[in-house]
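Engineer: Pasting the sequence and the predicted coordinates here, then a few questions.
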Amino acid sequence: MSEINNVSNRSPIESKITTVILWSRNLDRTAEMYSKLFQLSPDKQRRSGTGHLHFLQLQNGIDIMIDSNGMDKVPLPDKAPPLFFIPATDIDKAAEFIQELGFEIIYGGIHRNNSVSFFNMRDPDFNVITVCQNHQ
């Protein structure tokens, strides 16, 4: 453990996450889906000057950067782990909402137990996200 503490004292890496990157083959479609998912107004979004990046600013200060640069050459995976976690107040309404936006529920639908209910969703570029309702 002391070895880890020594490394962390020397690390040039800050202990925080500022931006999550999502790859996209269709920047406009993906930006629209996620801006609706997070209910973001235009003032919480910006397009880069390069034309292949779109930034969404979430309320907690984390940005989502949607990147379409060269993605047309990258094959879609068959499976992928979740990239991040989104809390929900009602898992059934959340499932309905994300499907209306064009996301797909994958990996067996909604999983329920006494403490949490969750599902994994994907966008058309196979960015996978977990949506979870805490019951405690």
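Structural biologist: Done, it's in. Numbering: from 1, shown residues only.
Engineer: for the chain, which strand is longest?
Structural biologist: Once the chain is assigned using DSSP state E, the strand that runs over the most residues is strand 104-112.
Engineer: So what's the gap between stretch 74-94 and the chain middle?
Structural biologist: Stretch 74-94 has its C-alpha centroid displaced from the chain centroid by 7 Å (Cα atoms, centre = their mean, to the nearest Å).
Engineer: quick one: buried residues of that stretch?
Structural biologist: Under the neighbour-count criterion of 16 or more other Cβ atoms under 10 Å, stretch 74-94 has P82, I86, A88, I91, A94 buried. Just so you know, the C-beta spots here come from the backbone N, C-alpha and C atoms, and that holds for glycine as well.
Engineer: returning to what we had before: rounded mean pLDDT for the longest strand of the chain, please.
Structural biologist: The average of the pLDDT scores along strand 104-112 is 97.
Engineer: ok so, going back, TSV please, covering the buried residues of stretch 74-94 and showing secondary structure, pLDDT and distance to R122.
Structural biologist: Formatted as TSV, the entries for those read as follows, by DSSP: H, G, I helix; E, B strand; the rest coil; pLDDT from 0 to 100; distance: Cβ to Cβ, whole Å:
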residue	secondary structure	pLDDT	distance to R122
P82	coil	97	9
I86	strand	96	13
A88	coil	98	16
I91	helix	98	17
A94	helix	98	15
